[in-house]
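K.L.:
What would the 3D arrangement of this be:
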Amino acid sequence: MKYVLYLLSMLALTASACDKNGGGGESASKNLSVSVSEISTDHAKSVQSVTVTANCDWGVGSADRSWCTVTPSGGVAGNTAVTVTIAENTGKTERETAVNFYYGTQTLSVPVKQAAPPKEEVDPTINAPEGYSLVWNDEFDGTSVDTGKWRFENWAPGYVNNELQRYVAGGVLNGNYTAYVEDGILKIRAMKVDGQVISARMNTRKSWKYGYMEARINLPSGKGTWPAFWMMPDDQSDGWPKCGEIDIMEEVGYHPNYTSSSIHTQSYNHTINTQKTKEVYTAGAEGEFHVYACEWTPEALKFFVDGKQFFSFSNDGKGSVATWPFSKNFYITLNLAWGGSWGGAQGVNESSLPAIMQIDYVRVFQKD
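P.N.:
Numbering: from 1, shown residues only. Predicted coordinates:
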């Protein structure tokens, strides 16, 4: 986390206001000074501390509380520490606001500036869908998973969907790798070690609102496998399914080569039998690479296999998060589950282990 605080001398940024009393004389001046003239940060979340020196009561607030907040909301005469919390900038451009201090009839403003996220280095030779540009990708050309781009879940068996596997931190447990890169391919492996099945669930550190997301994937085989390429929102405070979920590709081993795409919302989800989903037979999905994609716009979600659209879900335009919670940032998840409410609906066959899900690339495009 990097930031620049432009410090002032004790006399800078000091203002005074004089109040007239009823008898025509002047009361004592109200003075307030702040230890900085400007707060400037990079795109990451930042917590800054500034000192207010005053001889009177005062208040303070941010001009844009959606990403910049201030505590406490005021103080009294003396020296007071004020904390300015700046949220991560997930947009494309730098942004500015101000922290305003109020005392008497006067206002003292401290500008707050936050840089835009750095642009990802992307391969200009990768073909983008018409009207889109590549904004993020991982071609898995290195020798290991890039932890600057991915983070791993660490979950016990049964934590979600009654799945039987343990998702391990960092994609490795006691030297047994559940996620690794080999010959330009990311491999997510479900395997049995010391009496338990371990696997990997990995999420992009970045997130996006709208775009064309695609991955080239070769699915494993065997009863009990449940590979997925999907998306969840950064903000899950409403809980599932109200927060929304976008499943770009899922498949279960007991129904081989039938891949499906789904969306989940408060109004449309499988727990109340109102889910919006469609399945398509993808010849050779188990054992061969295919490209799975979703085009996400404010109007609709459209799903593709090998460039051919087979399913869509439209925004009903009602402005309700119950039916369209897809107006916020979502991140991408890759995982290989074992068993569970769907993957294990017809049992599991441990002779299928180890099972490997192979990913050639993951790419994100956004409109120009």
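K.L.:
those strands in the stretch 251-368 of the chain, which residues are they?
P.N.:
All strands of the stretch 251-368 of the chain, identified by DSSP state E, counting those that start in this stretch, fall at 258-264, 276-281, 289-296, 300-305, 308-314, 330-338, 355-367.
K.L.:
Please read the previous query as pertaining to the stretch 1-150 of the chain.
P.N.:
Assigned by DSSP E, counting those that start in this stretch, the stretch 1-150 of the chain shows strands spanning 3-7, 15-17, 30-34, 36-41, 46-54, 58-62, 68-71, 74-75, 78-86, 95-103, 106-114, 132-138, 150-152.
K.L.:
got those strands as a markdown table, with mean pLDDT columns?
P.N.:
As requested, the strands of the stretch 1-150 of the chain are exported to a markdown table (pLDDT from 0 to 100):
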| stretch | mean pLDDT |
| --- | --- |
| strand 3-7 | 36 |
| strand 15-17 | 40 |
| strand 30-34 | 96 |
| strand 36-41 | 96 |
| strand 46-54 | 97 |
| strand 58-62 | 97 |
| strand 68-71 | 97 |
| strand 74-75 | 97 |
| strand 78-86 | 97 |
| strand 95-103 | 97 |
| strand 106-114 | 96 |
| strand 132-138 | 96 |
| strand 150-152 | 98 |
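K.L.:
Report how many residues lie close to the nearest residue to Lys45 once chain neighbours are set aside.
P.N.:
Spatially, and ignoring its direct neighbours in sequence, Lys45 is nearest to Glu88 (4.5 Å; C-beta to C-beta, 6 or more residues apart in numbering). All C-beta spots, glycine's among them, are computed from the backbone N, C-alpha and C. By the measure other C-beta atoms under 10 Å, the count of residues near Glu88 is 15.
K.L.:
Let me see the contact set for Glu88.
P.N.:
Residues near Glu88 by C-beta atoms under 8 Å, 6 or more residues apart in numbering: His43, Ala44, Lys45.
K.L.:
how about 10 Å then?
P.N.:
Asp42, His43, Ala44, Lys45, Ser46, Trp67, Gln114, Pro117, Ser207, Asp234 (C-beta atoms under 10 Å, 6 or more residues apart in numbering).
K.L.:
now swap in Gly170 and tell me
P.N.:
By C-beta under 10 Å, 6+ apart, the neighbours of Gly170 are Val145, Thr147, Arg151, Phe152, Asn154, Tyr177, Thr178, Ala179, Ala200, Met202.
K.L.:
Please indicate which of those are buried?
P.N.:
Val145, Phe152, Tyr177, Thr178, Ala179, Ala200, Met202 (16 or more other C-beta atoms under 10 Å).
K.L.:
Ala337: which of those is nearest?
P.N.:
Ala200 (10.3 Å; C-beta to C-beta).
K.L.:
so how far is Gly347 from Trp338?
P.N.:
12 Å (C-beta to C-beta, to the nearest Å).
K.L.:
The two: which has the busier surroundings?
P.N.:
Between Trp338 and Gly347, counted using other C-beta under 10 Å, the more crowded position is Trp338 (27 against 9).
K.L.:
Go through the strands of the stretch 1-150 of the chain and pick out the most buried.
P.N.:
strand 30-34 (a mean of 21; mean count of other C-beta atoms under 10 Å).
K.L.:
if we can go back for a sec, angles on the backbone of the residue nearest to Lys45, please.
P.N.:
Backbone torsions for Glu88, taken as degrees, to the nearest 10, come to phi -60, psi 140.
K.L.:
Quick one, grab the pLDDT at it.
P.N.:
Looking at Glu88, its pLDDT is 92.
K.L.:
distance of it from Lys119?
P.N.:
Counting by C-beta to C-beta - Glu88 and Lys119 are separated by 16 Å.
K.L.:
Over to Tyr103?
P.N.:
Taking C-beta to C-beta, one finds Tyr103 at 42 Å from Lys119.
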